[in-house]
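Asks: I'll drop the sequence and a predicted model, then ask my questions.
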Amino acid sequence: MNLAQNSTSGFGGFEKSLRLHIYEHILRSGKVPKIAEMAESLSKPVEEIRAGLQGLEQGHAVVLQPGGEIMRAAPFWAAPTLFTVECGKQSWWASCIWDALGVPAMLGKDARIVTSCGCCGDDMIVEVWNGAPLHTEGVIHFAVPVRRWYENIVFT
């Protein structure tokens, strides 16, 4: 996947490079970068990183925690969740099944999503091969209409 072509539209010059850096870090390390890490690796002041992150948040590319650190860089989550996406030897967290399915779609890779049933709590595995789920049993339920997701992304 060419991240430079696919993940930076709609943002200014620094925001584009910051967003690209965030995704490259996530894909390389499996973790969302901290502000101090980004400032050091990009040789930029922390204030510039914070301003860039705020611009990315306004465009819904990231969701920030109250202290300004990244909580979510769509579709990746910074902390463990009920949705683990495994692609080969790498894994990432997603906030919901929509984001979990977005990881293999974004990467163009096969994946295994480890989660649990929202109704009964039973373990569930969703395998995605060649861009589609292997088994289509089950229901994906969205409790909040898409147009309202960013009113409270954590609840959604």
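Replies: All right, it came through fine. Residues are numbered from 1 along each chain as shown.

Asks: which residues of the chain fall in strands?
Replies: Ranges of strands within the chain are 62-64, 70-73, 76-77, 83-87, 90-94, 111-116, 123-129, 132-133, based on DSSP state E.

Asks: Make a markdown table out of those and add mean neighbour count.
Replies: For glycine as for every other residue, the C-beta is placed from the backbone atoms N, C-alpha and C. Listed next are those as a markdown table, based on neighbours: other CB atoms under 10 Å:
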| stretch | mean neighbour count |
| --- | --- |
| strand 62-64 | 19 |
| strand 70-73 | 22 |
| strand 76-77 | 24 |
| strand 83-87 | 20 |
| strand 90-94 | 20 |
| strand 111-116 | 18 |
| strand 123-129 | 15 |
| strand 132-133 | 14 |
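
Asks: Same list (the ones you listed) but as JSON lines, adding distance to Ala143 and mean pLDDT.
Replies: Listed next are the strands of the chain as JSON lines, based on distance: least, CB to CB, whole Å; pLDDT from 0 to 100:
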{"stretch": "strand 62-64", "distance to Ala143": "18", "mean pLDDT": "95"}
{"stretch": "strand 70-73", "distance to Ala143": "18", "mean pLDDT": "96"}
{"stretch": "strand 76-77", "distance to Ala143": "18", "mean pLDDT": "96"}
{"stretch": "strand 83-87", "distance to Ala143": "15", "mean pLDDT": "96"}
{"stretch": "strand 90-94", "distance to Ala143": "16", "mean pLDDT": "95"}
{"stretch": "strand 111-116", "distance to Ala143": "16", "mean pLDDT": "95"}
{"stretch": "strand 123-129", "distance to Ala143": "17", "mean pLDDT": "94"}
{"stretch": "strand 132-133", "distance to Ala143": "21", "mean pLDDT": "90"}
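
Asks: Could you dump those into JSON lines and include distance to Val46?
Replies: Shown next, in JSON lines, are the strands of the chain (distance: least, CB to CB, whole Å):
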{"stretch": "strand 62-64", "distance to Val46": "14"}
{"stretch": "strand 70-73", "distance to Val46": "14"}
{"stretch": "strand 76-77", "distance to Val46": "22"}
{"stretch": "strand 83-87", "distance to Val46": "30"}
{"stretch": "strand 90-94", "distance to Val46": "25"}
{"stretch": "strand 111-116", "distance to Val46": "34"}
{"stretch": "strand 123-129", "distance to Val46": "38"}
{"stretch": "strand 132-133", "distance to Val46": "42"}
